Structure formats: structure tokens, C-alpha cells
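Chemist: Give me a 3D structure for the following:
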Amino acid sequence: MANTPITPTLPQPIGRFAPSPTGELHLGSLTTALASFCQIKSLGGKWLLRIENTDTERCDRQFTEQILIDLEVLGLHWDGDVVYQSERLDIYNDYLSSSLYPLTYGCQCSRKSLERYWQQKAMEESMDAEQAQEKLLNRQRYPRCCLNANLDKEKNKLRIQLPDYRIGFKDGIQGVQWSNPQQSLGDMVVRRQDGMINYILAASLDDGLQGVTHIMRGLDILPMTTAQISIMHAAHLPAIDHWYHLPLICSPDGQKLSKQNLAQPIDTRDPSRLIAHALQLLQQPAVDRDTPTNMLTQAIAQWDNSPLQNMQTFNTSDI
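Modeler: Presented below is the predicted three-dimensional model:
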């Protein structure tokens, strides 16, 4: 009997859309949702929906409900149950108490104390204006004041030590990326003093636990990617196979569309128009104006990342 060659079974591609319900969907978040949906469906994969609502001060159930309604109206139907991060706090804390524990330390530095630290450093080093400005830009990197203070991890905010070496990954839109997370980000806060879990920890753990293989998101998150890679590795979770960071959508005055900049919520009374607009921004071939489901079916069939290569911004005034 002849030996039959065994063909390895590749895992089904899994993508996700993970909005934070601090406001309704706007054109930028809609475009991210549409792109991630069409991309993963073009590969025969699953599209998961995760609500990133650990920030109880800024997130609102009303916005969550509206996001779900808008996605349904637009024909962006997710696979499986919606995952709510607010219901997974025990999972995140379990990781902080186990595999991630050796990398964490308590920190009691406030923003004001760090401001004083940087001011004192500037005075001690007698920096000129240009050097002082460079230091100012690097203030997001924590100077590790509390690293060896042995502060109670439960009573203080919690930071995680990020590795001090370069990490590289291939971005399917922006090309090969290299970054040293310790030098660019420093030791990031993963849990606030009030117990709130920060974005980078929850997203990293959930992407690994949900088996996500393809991440397509906005370019503004790209600088945090090496931190996510590091956390997932330390937590012994599977790595992301494919990264894609989409160009940011900017208003005619050059500002990124965001909730902070009071971007207007989408109006889903004409979902077909919205889909056509988003696809045009994404440099995709035109689809026939039809029902959302039929338009998305056509968009999936002809999805192509190549027009987006190395693009950093879309300007709404260009279409």
C-alpha cells in the first residue's frame, strides 16, 4: 500500500474588531471594521468582535449597544459571541499573578512627580533648548524610579518590564518594522492603582487566548506592537501571524479622525452609501450599489491590500 502524503492542516485565519465604547463609531472606526472584515473573510476566516471596555470611567453601555446595532445594519456580522473585556478581569489578574508576575513591579509615581523628575534632570544636565525638547518628547518612557523599591503590587499601580532589545515584525501594509520596546515605550502601566486593567495587557492576552492570527488596526497603534509581542511571549501565548496597520483617516485640516477630536458618529440610515465611501477610502475597486450584504460579498471577492502599501494617511478631502 502506497504511503499517502500527509498535508498539514493550517489553522483557520481569525481576525477581530475590538472597539472601545467611549463613543459611537465614526468614519475611522468604520473603515477599520470594514477592512478587517473584508480582509479576513477574503481568506475564508472568522471575524471576532471584542468590546474593549475595561475603562469603566470612559466606556458607556449605550455606546456598546449602538456599536452592535451599527455593525448589524452595515452587514458586518461577527462570528461567535461578543467578548466583553469587563467580564474578563479575573483572567487578566490571573496572568499578572502567574506567568507575568516576575516582570511586574509596583509603582507610586504620579504625573506630577514625573514632571518634577524630568525638570530636575534637565537642570542637572544643563541641556540646551533642543536637547530639552527631545527629552520632553521621550517622557512617555518611564525612568524606572520604582523598579527596585519593592512596593506592594496590590496597593500601587503595576508596571511591566519590557525587553531592552530590538524586535522586528513584518507589517502587511507598512513593511518591516523594528523597535526596542524598552527604549521607545519603557515599562508600561498594565494595571492602575484602582484595579483597572490597561489596554495593552487586555488586548495582548485576549488576542492570544482567542487564537487571533491576523490583526488589522489603525496606524496609531503600531508603536505599541512590540510591547504586545513581548507580553504575549512572556504569557506563553501564540504569536500573531500577520499584522496590518491601516493608514489614518484625516480631516481636511490634517487632524486624525477620532473621538477625542469630536469626529462625527456615522449615520447608518444609508448603509450602502457608507460602505461605498469606506471602500473608496481604502482604495478598493468599486462595488455595485446594492444591499450591504451583496456589497460586502463583492468587496470580499476583490479585496486587495496592495493599493494601501506604505500609506500613512487618508485625507477625506481627496475623495
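
Chemist: Wait, a strand at W178?
Modeler: Yes: the assignment for W178 is a strand, going by DSSP: H, G, I helix; E, B strand; the rest coil.

Chemist: okay, now the residue nearest to it when sequence neighbours are not counted: neighbour count?
Modeler: Counting by CB to CB, 6 or more residues apart in numbering, W178 lies nearest to G168, which is 4.6 Å off, once chain neighbours are set aside. For every residue, glycine as well, the C-beta is placed using N, CA and C. For G168, the count of nearby residues is 10 (other CB atoms under 10 Å).

Chemist: Three-state assignment for G168, please.
Modeler: Three-state assignment for G168 (three-state DSSP): strand.

Chemist: roughly how far apart are it and P181?
Modeler: Plainly put, G168 is 12 Å away from P181 if you go by CB to CB, to the nearest Å.

Chemist: next one: K46
Modeler: K46 is 29 Å from P181, where distance means CB to CB.

Chemist: higher neighbour count, those two?
Modeler: The neighbour comparison of K46 against P181 (other CB under 10 Å) goes to P181, with 26 against 19.

Chemist: residue contacts, that one?
Modeler: Shown in contact with P181 (CB atoms under 8 Å, 6 or more residues apart in numbering): 162-163, 167, 226-227, 230.

Chemist: Same question for Q182.
Modeler: Q182 makes contact with 161-165 under the criterion CB under 8 Å, 6+ apart.

Chemist: Now list the buried members of the residues you listed.
Modeler: 161-163 (16 or more other CB atoms under 10 Å).

Chemist: Looking at the residues you listed, spot the one nearest T64.
Modeler: Nearest to T64 out of the buried ones among the contacts of Q182 is L162 (CB to CB; 30.8 Å).

Chemist: one step back: just the contacts of P181 now: which is nearest D70?
Modeler: For the contacts of P181, the nearest to D70 is A227 (30.0 Å; CB to CB).

Chemist: Mind telling me what element that closest one is part of?
Modeler: Assigned by DSSP states H and E, A227 belongs to helix 225-234.

Chemist: Tell me the helices and strands packed up against that helix.
Modeler: Counting contacts by 3 or more CB pairs under 8 Å, 6 or more residues apart in numbering; DSSP states H and E, helix 225-234 is packed against strand 167-171, strand 175-179, helix 181-184, helix 199-209.

Chemist: Can you say which of these is packed in most?
Modeler: helix 199-209 (a mean of 23; mean count of other CB atoms under 10 Å).

Chemist: what angle separates that helix from helix 225-234?
Modeler: For helix 199-209 against helix 225-234, the angle by axes from the mean of the first three to the mean of the last three CA atoms, to 10 degrees is 50 degrees.

Chemist: and the next helix or strand after helix 199-209, average pLDDT?
Modeler: In the C-terminal direction, the helix or strand that comes right after helix 199-209 (DSSP H and E) is strand 214-218. The average pLDDT within strand 214-218 is 98.

Chemist: so what secondary structure elements neighbour strand 214-218?
Modeler: strand 14-17, helix 27-42, strand 242-246.

Chemist: In this protein, where is pLDDT below threshold?
Modeler: In the prediction, the chain carries residues with pLDDT under 70 at positions 1-9, 126-140, 252-262, 317-319.

Chemist: All the helices of it, in order from the start?
Modeler: 27-42, 61-73, 89-96, 111-125, 129-137, 181-184, 199-209, 225-234, 271-281, 292-301 (DSSP state H).
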